[in-house]
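In: give me the fold of what follows.
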Amino acid sequence: MRRARVMMALAGAGVTVVAGAFFLIPGEPGSQAAQSVSRPPAPGDPLTGDEIDRAGQVASATWRTHMTTGHAELLYVERDDDKAAKGTRRADVYIYDYRTDRLVVRTVDLARGEVVAEQAERGVQPPPSRGEEIRAAELLLADPVYGSRVRDAHAKAGGRPLASASDLGLRALSFTPSPRDTEAGACEVHRCVRLFVRLPDGSWLDTSRIVIDLSAKKIFTLEW
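Out: All right, here's what the predicted structure looks like:
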């Protein structure tokens, strides 16, 4: 992978907000400050929200069936900084393919609205997306043992039954097994996460020994 930061959480991907009011004298043209608000983004500017959405749509156009069936996940989008782009606005879209356990990076030319490059690599595990957190929680709730424990703990802490996985406070981290983690050995290749669950009263469930394999849709319990 051409970027070392693929293993890091996406930083600085939010849209910059310009705050403040502009006072204009009637009959005179708008100030340069006011005009700059609507200027097209420069090559070095962060991606706008519209650009992130558009890049994701373009890159995932041929992946939508796989995403709908849970066989792939769009993780995140970031600005492409390849100097060879010569000032064009481009975005890198990160997609994880659970069928082949590959991280696919598709580069989108935002002006042309098309994919101009693609790379795929195994063994690279970026931070989980929000969608993966929800999917991991759904697998946890579907487990006959862990699922009932999570529901009981949520009802006790919140005073109401758990409606869905999205009602839980979730935080997931990518998991790579150590030699002693024999039960989760498949995670050397598969997309696996450790899921931390926060309850309505602010307490956290003890899920430190649980590993969720998103590729195989299984749950492992680590042995200490």
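In: how many neighbours does residue 187 have?
Out: 23 (other CB atoms under 10 Å). To be clear about C-beta, it is placed using only N, CA and C from the backbone, and glycine gets the same treatment.
In: so it, which state does it fall into?
Out: Per DSSP: H, G, I helix; E, B strand; the rest coil, the local secondary structure of residue 187 is helix.
In: OK, contacts around the residue nearest the centre of the chain?
Out: Centroid check for the chain by CA atoms, centre = their mean gives residue 129 as the closest residue, at 2.6 Å. Listed by CB atoms under 8 Å, 6 or more residues apart in numbering, the contact set of residue 129 reads 73-76.
In: and what of residue 164?
Out: With CB under 8 Å, 6+ apart, residue 164 has no contacts at all.
In: swap the cut-off to 10 Å and go again
Out: Residue 164 is in contact with 134, 137-138, 141, counting by CB atoms under 10 Å, 6 or more residues apart in numbering.
In: ok, now residue 65?
Out: Contacts of residue 65 (CB under 10 Å, 6+ apart): 71-72.
In: so it is in which element?
Out: According to DSSP states H and E, residue 65 maps onto helix 64-68.
In: what is the mean pLDDT for that helix?
Out: The average pLDDT within helix 64-68 is 89.
In: kindly report the same for stretch 86-101.
Out: Rounded mean pLDDT across stretch 86-101 is 92.
In: try stretch 193-202
Out: 93.
In: how about stretch 215-224?
Out: Across stretch 215-224, the per-residue pLDDT values average to 89.
In: can you dump the C-alpha coordinates of that stretch into PDB?
Out: What follows is stretch 215-224, C-alpha atoms only, in PDB (Å, rounded to 0.1, in the frame of the first residue of the first chain):
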ATOM      1  CA  SER A 215     -15.300 -12.300   7.200                       C
ATOM      2  CA  ALA A 216     -16.600 -15.700   8.500                       C
ATOM      3  CA  LYS A 217     -19.400 -14.100  10.600                       C
ATOM      4  CA  LYS A 218     -18.200 -15.900  13.700                       C
ATOM      5  CA  ILE A 219     -17.400 -15.100  17.300                       C
ATOM      6  CA  PHE A 220     -14.300 -16.300  19.200                       C
ATOM      7  CA  THR A 221     -13.500 -16.200  22.800                       C
ATOM      8  CA  LEU A 222      -9.800 -15.600  23.700                       C
ATOM      9  CA  GLU A 223      -8.100 -17.600  26.400                       C
ATOM     10  CA  TRP A 224      -6.000 -15.700  28.900                       C
END
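In: no further queries at this time; thank you.
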